[in-house]
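In: Just the structure for this:
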Amino acid sequence: MNKRGKLSIRDFLVVSILLIVLLIPWMFNINHLTGKVLDSVSLSQQAYAPNSKLTGTFKLTFKEGDLIPKDSMVYFVLQAPKCPKYFVCNSTKYIEWCNYTGTSCDCISQSQINARCGGSANIIPTDCGAFDTICCPTDLGIGDYYKNLNCKDGNGNIVTDYECWGNGYCQDEIEARSLEELISFSSTPNLGNYTSGPYNNVDGNEPTGSGQGFGYCNNAGSLGFAGIIGLATSSVPSPLCTDSDNGQDIYTKGTCTDQFSSPSSLPKTDSCSEFDNSLTEYFCKDDMCRSQKFICPEGYSCIDGACKQVQQVKCVDSDINSNEPYYTYGYCTDKNNPNPVYDSCSDWNSKDLYEYICVKDSCTTEKYSCPYGCLDGKCKTQSAPKYPDLTVTNIGNSFEGIIVSIKNQGGEAAGSFKLCLYFKGELPIECIREIDIIGLGAGGSIDILAGLTNKDVAGKTLVAYADFYDAVKESAEDNNYMEKYFEPIQKCYDNDPENNVNIAGTCFDSSSHPDTCDSSGKLIQYYCAEDINTGAQYCEQSEPYSCENINNVCSDGKCSQGSFQDCIDTDMGDDPLVPGNCTDKNGFYQDSCSNGVITEYYCSASSWAPSVCLPSEHTCEFGCINGNYKSCRETPQGIYDCSGWNNIYSIDLSNLAIYAPQAYGYFNITALLAYTDASQETTLLSKYSTQFKVQPQTGGSAHTYKTCVNKKCVAVQGPGNDECSNNDDCTTTEQSQQSSTKVSAKPKLACANYVVAETCESAHCYWYDGACHDYPSKTTTSSQEPSTTSALKITWWMWLILGMIIVSAISLFVLKAILKGRATEKTTEKMVTSVITSEKDEIQRKYPALVSYINKAKKQGMLKQTLAEKLESKGWPQDIIEKAIKEFW
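Out: Predicted coordinates for the structure are as follows:
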């Protein structure tokens, strides 16, 4: 205030800042979006061995008002703290680097960092998932280089030949699945909550169109659409399946795309087989891409994904017009030999040549003795090369793995040399396999088993380089290598891997194959099979199974209780509002939808004859739902009957084939639910993250110990002693749960079930010295927000009341100062200082367990150094220990 007791500009700004500080929390609690759906990612273990499959449960939960577009994607992202093993912190004179556990540190100067990275010019700034980070060339930096955790430059582009140093996270997308596909993986029935209706904007107050998606079913058996979240691509739903050549057209190359297409599942294009004259033709059926093999008719050959007419020639000799056919390598084809037969030598060091020629429209061999010997299907000339000439002739598959073929096409034998195998595009070039060849005679060939399988090279370009170190002097040095790209291995998933006849499962490869009942009433199941040569997985159809063997009938893709004399109607009557099917002694019938008319099947009622399935037709006033879920619309607003639908889906993480990284340390697995509209704008609807540890196995298998998880005593992988023996050890008395100052019941529970002042949870705390303490580096976070809850309402009102009280107090204080004329700028500054959170308050807020432990240690007379060592041994970062002891000792 000025000397006249009036409010100065500076005083006004200070009071304004105070009001903003108080109102920010209230402002951020006004709107809570629904439609988040992601519920949790729960790992079954706290620690995993390198490259082991992550196990646990991924849960989706629909709440009232949710309608999520069916082509929304769930991205699974792997994040590693400290990128992945070391981080760089800016300070006045040094850049400090530590390993992520915080138990060992060292300091080096900026010049040493520059020198380690080969000069400051080699250091590039990068987001690396956080601030103040740099990237260094992989062969010069500190620590392990984990290739799956990418550096990014200032433009967000991935830099593959740099490694991350940073105090935040490096991350890599490791799996992307559509929401529809994940729901189909659910262990709970997955035939529900697929519908269409209006989409609103993200605030739920402005209609933007309509489309197909997954919605919420309430207890009354109908969908509620209040406050829907999502962005529609257009007002007209796009087709579920498209085929560019409009069906089974073997004479036109086409591409098929269905609802299962995603970044990890490309559209399916018609293609030719490498081994015969067959065509794989893709086409739409039941809103999904299906495939069928065709043999091109006579006079046609499969060329570039289509059957094309070829000119018929009785006999062709490729080198007939050569001046010296015996010195020219050629081939012959005729009507009996559509595949070429080639000129050949009887032996690699022989003089005998078998030359194919045309005689009376047929291929016939002629034997000729070469004066200077025979090599590569032709006679050698007098001026044959006098040096070895090594070349790689083939990179192929066998039942034992990848095979590399090498040939010495020179005129002299080659001495010892090395074959190097490496992946194209990975720098610096390093041989993943280095094989010694003791020598190779002139004209000789050798097949080398590379020690690799299709799984090792899938999705990569393998380079085979003979005489990698130039140990052999050759007539030509530029033909020693060959490269080959290996397609990614097709994976297969069956949500009923045991092929239980009482469970209706679905098998997924490039498309989906649900178990079904054939026209004779027998069960057809699909299961995952693997090509023993290529490793590719695909869905195989089982032999028809008669459910009569177990006194059942085939219904809805499974054997259900009953007999062939019974009639089973899954929707229990002539009800056009509920999708279903009917099975009797004559076969299987499914409700269908066509041009707004439902054909409904139901069981006849008769006291003198066996009950059978009868059809009836209903015209739906507001149209009907097609696809796999057939029923009438109930109202023009798009509200449907949802009897038997689900709102919660539980997916086994092991079915998603997500693997732990090969590096040791703490990692986060994060699930992101996002929707990209027609304008390519992406809306993040939900996010959930949880942490796990990667550590080496001990002995022949990973060490496990028992601990409490969700009030159950389970075995988890990782170091540690048993903390429980049975489920009874994982429960607490009401008295111990209510205590806010002392945790004394069953210390071996490792803080399980205590949600009190210390906020200890079984997976994220440790028991020490009679108290429960948090691990600062082990947290489970979720940005999942409920649509509306009483807890949020209480928080909102608490902030509002608190803000009103403080604003009133400040106003009275300022008014009193004005009236008395004694207020000074120092008084105002003191007010500001009292509101700004000090570092001590920040530590108290973030680490209450740490502060509590320091205070107890101080009262017990523990030495400061001893206290620091104990905290460090428990995994607390050194910088946090030093700050806390400084403020509270």
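In: The residue lying closest to Val310 once chain neighbours are set aside and Ser72: what is the separation?
Out: In space, and not counting its chain neighbours, Val310 is closest to Ser301: 4.9 Å by Cβ to Cβ, 6 or more residues apart in numbering. Backbone N, C-alpha and C define where each C-beta goes, glycine included. Counting by Cβ to Cβ, to the nearest Å, the gap from Ser301 to Ser72 is 43 Å.
In: Between the two, point out the one with more neighbours.
Out: Ser72 (23 against 14; other Cβ atoms under 10 Å).
In: Double-check that one against Leu672; I have them as touching.
Out: No. Contact criterion Cβ atoms under 8 Å: Ser72 and Leu672 do not qualify, at 10.4 Å.
In: Pull out the buried residues from stretch 485-502.
Out: 486, 489-496, 499, 501 (16 or more other Cβ atoms under 10 Å).
In: Stretch 461-472 now?
Out: 462-468, 472.
In: which residues are contacting the helix or strand where Cys289 lies?
Out: Element membership for Cys289 (DSSP states H and E) is strand 288-295. With Cβ atoms under 8 Å, 6 or more residues apart in numbering as the test, strand 288-295 has contacts from 240-241, 243, 248, 250, 256-260, 267-268, 273, 276-284, 307, 510-512.
In: Drop anything exposed from those.
Out: Looking at those with 16+ other Cβ under 10 Å, the buried ones turn out to be 240-241, 243, 248, 250, 256-260, 267-268, 277-284, 307, 510-512.
In: Go through these and flag which are in strands.
Out: Among the buried ones among the contacts of strand 288-295, DSSP state E puts 241, 243, 256-258, 268, 278-284, 307, 512 in strands.
In: which among the residues you listed gets closest to Ile429?
Out: Nearest to Ile429 among these, counting by Cβ to Cβ, is Lys268 at 35.0 Å.
In: beta partners for the residue nearest to that closest one when sequence neighbours are not counted?
Out: Using Cβ to Cβ, 6+ apart and skipping the chain neighbours, the partner closest in space to Lys268 is Tyr282 (4.3 Å). According to DSSP bridges, the residues that bridge with Tyr282 are Ser291.
In: pretty sure Tyr282 contacts Lys253?
Out: No. Judged on Cβ under 8 Å, Tyr282 makes no contact with Lys253 at a distance of 10.3 Å.
In: overlap in contacts of these two?
Out: Contacts common to Tyr282 and Lys253, judged by Cβ under 8 Å, 6+ apart, are 269-270.
In: Asn549 looks like it's in a helix, true?
Out: Yes. The assignment for Asn549 (DSSP: H, G, I helix; E, B strand; the rest coil) places it in a helix.
In: for stretch 492-511, how far is the first residue from the last?
Out: For stretch 492-511, the first and last residues are 10 Å from each other (Cα to Cα, to the nearest Å).
In: Residues touching it, excluding its own?
Out: By Cβ under 8 Å, 6+ apart, stretch 492-511 touches 181, 184-187, 258, 260, 265, 268, 288-291, 490-491, 512-515, 523, 525-530, 537-539, 542, 545, 547, 550, 552, 556-560, 655.
In: which is the next helix or strand following the strand holding Cys289?
Out: Using DSSP H and E, the first helix or strand after strand 288-295 is strand 300-303.
In: neighbouring strands for that next one, and are they parallel or not?
Out: By DSSP bridges, strand 300-303 pairs with strand 306-309 (antiparallel).
In: I'd like the C-alpha coordinates of the strand it pairs with written as CSV, please.
Out: C-alpha atoms of strand 306-309 as CSV (Å, rounded to 0.1, in the frame of the first residue of the first chain):
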residue,chain,number,x,y,z
ALA,A,306,-4.4,-61.8,-60.7
CYS,A,307,-4.8,-64.5,-63.3
LYS,A,308,-3.5,-63.2,-66.6
GLN,A,309,-3.6,-64.8,-70.1
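In: In it, which residues are buried?
Out: 306-307.
In: by contact count, what packs against the helix or strand following that strand?
Out: Downstream of strand 306-309, the next assigned helix or strand under DSSP H and E is strand 315-317. Other elements packing on strand 315-317 under the criterion 3 or more Cβ pairs under 8 Å, 6 or more residues apart in numbering; DSSP states H and E are strand 331-334, strand 352-359, strand 362-369.
In: who touches Asp304 in this structure?
Out: Asp304 sits next to 253, 272 when contact means Cβ under 8 Å, 6+ apart.
In: Let me know the pLDDT of it.
Out: In this prediction, Asp304 carries a pLDDT score of 84.
In: Gly299 too?
Out: The model's pLDDT for Gly299 equals 76.
In: For it, give me phi and psi.
Out: phi 90, psi 0 (degrees, to the nearest 10).
In: How many neighbouring residues does it have?
Out: 11.
In: Which residue is the nearest non-sequential neighbour of it?
Out: That would be Gln309: by Cβ to Cβ, 6+ apart, it lies 5.9 Å from Gly299.
In: Now stretch 450-458 - C-alpha only, CSV.
Out: Provided in CSV are the C-alpha atoms of stretch 450-458 (Å, rounded to 0.1, in the frame of the first residue of the first chain):
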residue,chain,number,x,y,z
ALA,A,450,22.9,-69.7,-40.2
GLY,A,451,21.7,-70.5,-36.7
LEU,A,452,18.7,-68.2,-37.2
THR,A,453,14.9,-68.9,-37.5
ASN,A,454,12.2,-66.9,-39.1
LYS,A,455,11.3,-65.5,-35.7
ASP,A,456,14.8,-64.0,-35.4
VAL,A,457,14.6,-62.1,-38.8
ALA,A,458,10.8,-61.4,-39.1
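In: Looking at the buried residues of stretch 461-472, which is nearest Ala413?
Out: Taking Cβ to Cβ as the measure, Ala413 sits nearest to Val472 out of the buried residues of stretch 461-472, at 9.7 Å.
In: wait, what's in contact with the closest one?
Out: 388, 390, 414-415, 417 are the contacts of Val472 under Cβ under 8 Å, 6+ apart.
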